[in-house]
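Peer 1: Here's my sequence, what's the structure:
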Amino acid sequence: MAFRNRLLASVLLSVLTFSSGLALAQSASPAPEAARARVHVNVQADGPAEAERADNETYVAALNATQTGGFTALQTHVPALTEAMNRAPATYPVMQEIPGGWLIRADDRDEIVALAHRISGVESARGGGEIKVIARPNVYPNIAFLLGSAAVDRRDFAAAHAVLDRALALQPFDRMLLNEKLVALHGERRWDEAYLLVKAALASGDPLIEVDPGSLQRRLGYTLIELDRLHEARAAYEASLVSDPGNATALAELQTIADLEAGHQLEGDIQISAPNLPAQAVKADAEAARSAPE
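Peer 2: Numbers count the residues shown, from 1 in each chain. Below you'll find the predicted structure:
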């Protein structure tokens, strides 16, 4: 997956409108037409909350430094990022009701749209109407992602798990956090735990997963190769190509599976560097001989 710039300012989002009644997201089939109410969901982008503004600026500075200077530059921002993360609130849901409407914390346009559809379903069941949604930067999961990436780069997996687990407790289905958690587990060769984590995420039905399951399906495939479950690994990579046709990593790993089935041996270390940071941020000595699962 290409590096995702998680700055909301880069999202070209002014007002999105969703009409008519979607069924509740947990429902497997649409509600009867008579039971569906018309909904207009107006999504407006906004900056961080005032209390989060300084911490978001810390994140932006660290992100910009990482994009230009790689992990070496990121490590210099770890103390400031840690201080900012220590100010994270006890609850920080990705979606919540607020007076006069709803709040979404997300930076990716597709995620914002998916969450807005979820809100449309909820409001349709309540009778419909005009619904206002504010989309703001997802400040503290963003910070945790950078801290987790920095820790993985240092191969300090205990630190990586600590900060990523803290953020995942706030938002269990953030794909960036889940991917980085899986990288840390892979770095420790904890394949069974990685398998359980990624399977649970993919089975969750959460809109943040369903909007782009390909990256986690590739993580699953990579994990299954290491567990010597090649038939299942092939199925995982093939599934990832449904949402991400032509993905070079998936195609390369399918060839790896064919080579293994033909009796060839793999060479090289596992990929443990952060999968979602820009290429210039990845140290050469952490690169795998095989493709990274992203």
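
Peer 1: okay, how far is it across stretch 127-146, tip to tip?
Peer 2: The first and last residues of stretch 127-146 sit 41 Å apart, counting by C-alpha to C-alpha, to the nearest Å.

Peer 1: In that stretch, which of the residues would be classed as buried?
Peer 2: Taking 16 or more other C-beta atoms under 10 Å as the basis for neighbour counts, the residues of stretch 127-146 that come out buried are 128, 131, 133-146. Where C-beta positions appear, they are placed from N, C-alpha and C, glycine not excepted.

Peer 1: which residues does the spatially most central residue of the chain contact?
Peer 2: Using C-alpha atoms, centre = their mean, the residue of the chain that lies closest to the mean C-alpha position is Arg175, 1.8 Å off. Arg175 makes contacts with 208-209, 212, 215-216, as judged by C-beta atoms under 8 Å, 6 or more residues apart in numbering.

Peer 1: Could you point out which of those residues is nearest to Val94?
Peer 2: Top of the list for closeness to Val94, among the contacts of Arg175 and by C-beta to C-beta, is Leu208 at 6.8 Å.

Peer 1: Ala114 is in contact with the closest one, correct?
Peer 2: Yes. Contact status for Leu208 versus Ala114: in contact at 6.8 Å, counting by C-beta atoms under 8 Å.

Peer 1: Which of these two has more residues huddled nearby?
Peer 2: Residue environment comparison for Leu208 versus Ala114 gives the larger neighbour count to Leu208, 24 against 20, counting by other C-beta atoms under 10 Å.

Peer 1: The more buried one: helix or strand, and which one exactly?
Peer 2: Per DSSP states H and E: Leu208 is located in helix 207-210.

Peer 1: Show me which parts of that helix are buried, residue by residue.
Peer 2: 207-209.

Peer 1: cool, and stretch 153-164?
Peer 2: Buried residues in stretch 153-164, counting neighbours by 16+ other C-beta under 10 Å, are found at 153, 157, 159-161, 163-164.

Peer 1: need those residues in TSV with secondary structure, pLDDT and distance to Gly101, can you?
Peer 2: Rendered in TSV, the data for the buried residues of stretch 153-164 read as follows (DSSP: H, G, I helix; E, B strand; the rest coil; pLDDT from 0 to 100; distance: C-beta to C-beta, whole Å):
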residue	secondary structure	pLDDT	distance to Gly101
Asp153	helix	97	40
Phe157	helix	98	41
Ala159	helix	98	38
Ala160	helix	98	36
His161	helix	98	36
Val163	helix	98	31
Leu164	helix	98	31
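
Peer 1: give me the low-pLDDT residue ranges for the stretch 151-294 of the chain?
Peer 2: When residues are selected by pLDDT under 70, those of the stretch 151-294 of the chain lie in 267-294.

Peer 1: swap the cut-off to 50 and go again
Peer 2: Along the stretch 151-294 of the chain, segments meeting pLDDT under 50 span 273, 275, 278-293.

Peer 1: Tell me which stretches of it form helices.
Peer 2: For the stretch 151-294 of the chain, applying DSSP state H, counting those that start in this stretch gives helices covering 157-170, 175-187, 191-203, 207-210, 214-226, 230-243, 248-261.

Peer 1: now those in TSV, with distance to Leu63?
Peer 2: TSV is the format used below for those (distance: least, C-beta to C-beta, whole Å):
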stretch	distance to Leu63
helix 157-170	16
helix 175-187	12
helix 191-203	24
helix 207-210	20
helix 214-226	19
helix 230-243	26
helix 248-261	23
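
Peer 1: closest to Asp110 out of these?
Peer 2: Going through the helices of the stretch 151-294 of the chain one by one, with C-beta to C-beta as the measure, helix 207-210 comes closest at 9.5 Å.
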